[in-house]
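Colleague: Sharing a model that was predicted from the sequence below.
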Amino acid sequence: MAIFTKTQPGRLARRAAGMAAIAGLVGTAAACSSSAAPAAQTSAAAKQTIIFATDGLGAEGAATTAAIKGFEAQYPNITVSVLNLDSSANNQYQQLTQRFQAGTGLDVIDGDVTWAPAFASAGWIQNLSSDGFPTSQYFPGQLASAQYSGSLYAVPWFVNAEGIYYRTDLVKTPPTSPAALVSDAQAAVKADPSLKEGFAWEADKYEGSITALVSFLGGFGGKLDLSDLNTPANQAALQFMYNTIHSDAITPQAATGWQESNVQSAWESGQTAFALNWPYEYASTEKIATLKNNVSWIPFPSTTGTPAAALGGDNLMIATKSAHTQADLEFIKYLTSPSVEITRAESAGDPPANSTAYTSALYAAAPYFKQEQAVFADTVSRPSSPIYTNISSVLQTMVSSVLAGQESPSAALSSAQSQITSLPGYTS
Amino acid sequence: MAATSTLRTRPPGKPPKTRDTLLSQDRRLGYGLITPAIVLLLAVTAFPLVYNIWNSFHYATPTIPVVNGKPAGLANYRRMFASGSAFGPAFIHTVLFTVVSVAIEMVIGLVLALALNKPFRGRGLVRAAVFIPWAVPTVVSAEIWKGMFDPQQGFVDYALKILHLPGSTTTWLANADTSWFAIFVADAWKNTPFVAIILIGGLQVIPLELYEAAKLDGASAWRQFRRLTLPLLKPALMVALIFRTLSAFLLFDVVYIMTGGGPGTSTETLAYLNYDAFLNAQDYGYGGAISISLIILALLIAGAYTRIFREKA
């Protein structure tokens, strides 16, 4: 409440001293602030602990723990300490950037496919181009997400694609267009009164609405070309999203507050005929007796015949400031080796990022990966940019305001485009 | 200070010290004692403030290395007022929220305080019940309210339905108006008790004799309230008003949890934009500029209140 004290004479000198102290503090901070020089390296054979920042609960977390055990058995001098990140992608990003700026406490980072360009441009992660990773074995979309200005900065760990789950007991033949999906969903709700909705998808104002958007855009031949957003195809896709809630009434308005986990519980409780979700849902559904034999997964159907399944997945990166680069590389090579990826795929449902891991052994253990591969073939990535989070923020607002009926698709698209192209650091 | 130092006993055998040296000794000790606090304050308030001011005149965007660290002049400040900027709408949202929520909370808080100040059986229990929301962290209460307003599992729509009231199929957080309503409710639930606590404190120091005298003079209850309670409660009212206004002006957590600024941008507040710039966009220059504007606005509010306070007192 210093605001309420009156200024007294004779305070000037003290104030000057205070300012000097502040200046000193600022100077110190500036001196501490990051330079991109790599840290002095611990030799590969020395006993050392590396920090692995990752998320993942339940089956995914257990698979990570098991993989670390296997790695530590093979490399007895290296201990992997897991830094558990928040389960929300937005919060993970913030936790990581804060640590990067602090400059300590990170060696190997497990990050979303959209993050490598930002981390690389800020100098926070190492260039891995000359470390012998088998780039030709990765899915093209995910490889692109791992590169920044022509160099490999991240190693694809597992791939993800968002597609449509549907109940084969309610929908006999897979819809081949968005309009068919709507009528199938309406018919299913009419036929089965136990259904609460026809189509569950995540429409909350968060990153998930952008992956949904990518899939829906593909349904109408649209795409996220940031310098040409306001196209008839993109308008049609946004109109479709609005209609699912407001006129077709296959999606409840509550979905505007739904994230992936809400879609998951809607699907798993059997209250919806269609649901937009990621591959882990397949593994999860296999454990539910009533759904197990009544599930199929397809890319969101497209009027153009070329659907788009939003690309997700995780890439592994090494912090520039890591003092254990050799150990970090060994760990990443271990995690991304086909046999370890297959084990993870079987136990946690995470589809391998390395295409050579799709073997008959994998299909024998988890037959649904065969069907999943069809969806992976249609993956489309979100825009790749060092300022992706800023771009996504604008797009999230665009989707949200269309769904709330505040803006027409055309107005929202054109306003988003002008906001994005005037973002600092935007390059087309 | 002068009084205490002259009372000090002089060590034997030494010449008496002059008043001046004693004073300066005292002063030195005083500075020594407050140094740790000053250093701590400088580190946690002054340093971030100066650092923010510095950032606000620079491009401070680690993910855009081509401009990162370069002087920006007024570019960050100009961006707030550029056409299409979210700053203007967020400013209007913030001001409207502040005025309406503070008004609601002050009125309900006053009524609660008056009621809870009267002796009645079980008053302790009722008081505790009323104050509990204030002890709940805002993040928790906002999550609870978000759940309450959920159209499928929430209590609000359920209650409206069984009471046969209109609006039982409302998806509260999907429209601008209903979102704001939900935010007002969540915020008032949490903060009205705070106002009530401060006002009860104010009521308790009003001597009962005054009311007895007023009664003898034949003053009605309303007259007692207008002429006695309100004027004597003014200091407590002002404290509650200032605290609530400043914290309402910095509204962030309820919005972040319940709506994420949506639908669209309709519930974005200045503090939310600030968060967005800092933590989502990693733009410490623009974020700094918003922070500095928030500080200036908060100072203006505080300044205006102190002025009113002084004039009325």
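Modeller: Yes, it's here.
Colleague: partner strands of the strand ranked longest in chain A, parallel or antiparallel?
Modeller: Counting residues, the longest strand found in chain A (DSSP state E) is strand A:309-318. Paired neighbours of strand A:309-318 in the sheet (DSSP bridges): strand A:108-112 (antiparallel), strand A:155-161 (antiparallel), strand A:379-380 (parallel).
Colleague: As CSV, could you dump the C-alpha coordinates of that strand?
Modeller: What follows is strand A:309-318, C-alpha atoms only, in CSV (Å, rounded to 0.1, in the frame of the first residue of the first chain):
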residue,chain,number,x,y,z
ALA,A,309,-6.2,-36.8,-40.7
ALA,A,310,-4.6,-34.3,-38.4
LEU,A,311,-1.0,-35.4,-37.7
GLY,A,312,-0.1,-35.6,-34.1
GLY,A,313,2.6,-37.5,-32.3
ASP,A,314,5.7,-37.0,-30.2
ASN,A,315,9.2,-36.1,-31.2
LEU,A,316,12.3,-36.5,-29.0
MET,A,317,14.8,-33.6,-28.7
ILE,A,318,18.0,-32.9,-26.9
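Colleague: Let me know the helix or strand that the residue of the stretch 51-200 of chain B found nearest chain A is in.
Modeller: Minimum separation of the stretch 51-200 of chain B from chain A (Cβ to the nearest Cβ) falls at residue B:64, amounting to 3.4 Å. No exception for glycine: its C-beta is placed from N, CA and C like everyone else's. Assignment of secondary structure by DSSP states H and E places residue B:64 within no helix or strand.
Colleague: got the contact list for the closest residue to it other than its chain neighbours?
Modeller: The spatial neighbour of residue B:64 that comes closest, neighbours along the chain excluded (Cβ to Cβ, 6 or more residues apart in numbering or on different chains), is residue A:425 at 3.4 Å. If you count contacts by Cβ atoms under 8 Å, 6 or more residues apart in numbering or on different chains, residue A:425 has them with A:386, A:387, A:390, B:61, B:63, B:64, B:66, B:67.
Colleague: how near is residue A:417 to chain B?
Modeller: In this structure, residue A:417 lies at 11 Å from chain B, with Cβ to the nearest Cβ, to the nearest Å as the measure.
Colleague: Could you report the pLDDT at residue A:38?
Modeller: Model confidence at residue A:38, given as pLDDT, is 62.
Colleague: what does residue A:389 give?
Modeller: At residue A:389 the predicted local confidence, pLDDT, stands at 89.
Colleague: rewinding a little: contacts only, for the residue of the stretch 51-200 of chain B closest to chain A.
Modeller: So residue B:64 contacts A:121, A:386, A:387, A:424, A:425 (Cβ under 8 Å, 6+ apart).
Colleague: Which pair of those spans the longest distance?
Modeller: For those, the farthest-apart pair by Cβ to Cβ is A:121 and A:424; their separation is 13.1 Å.
Colleague: who has more neighbours, these two?
Modeller: Neighbours per residue, other Cβ atoms under 10 Å in any protein chain shown: of residue A:121 and residue A:424, the larger number sits with residue A:121, 23 against 18.
Colleague: Once you drop chain neighbours, what's closest to the more buried one?
Modeller: Residue nearest to residue A:121 in three dimensions, not counting chain neighbours: residue A:386, with 3.8 Å by Cβ to Cβ, 6+ apart.
Colleague: Which pLDDT does the model give that neighbour?
Modeller: Predicted confidence (pLDDT) at residue A:386: the value is 90.
Colleague: Surely it is in contact with residue B:63?
Modeller: Yes - taking Cβ atoms under 8 Å as the contact criterion, residue A:386 and residue B:63 are neighbours in contact, 4.8 Å apart.
Colleague: Between those two, which contacts overlap?
Modeller: A:118, A:121, A:122, A:425.
Colleague: In terms of helices and strands, where is residue A:274?
Modeller: Using DSSP H and E, residue A:274 falls within strand A:272-277.
Colleague: re earlier: what count of nearby residues applies to the residue nearest to residue A:121?
Modeller: Close neighbours of residue A:386, defined as other Cβ under 10 Å, add up to 27.
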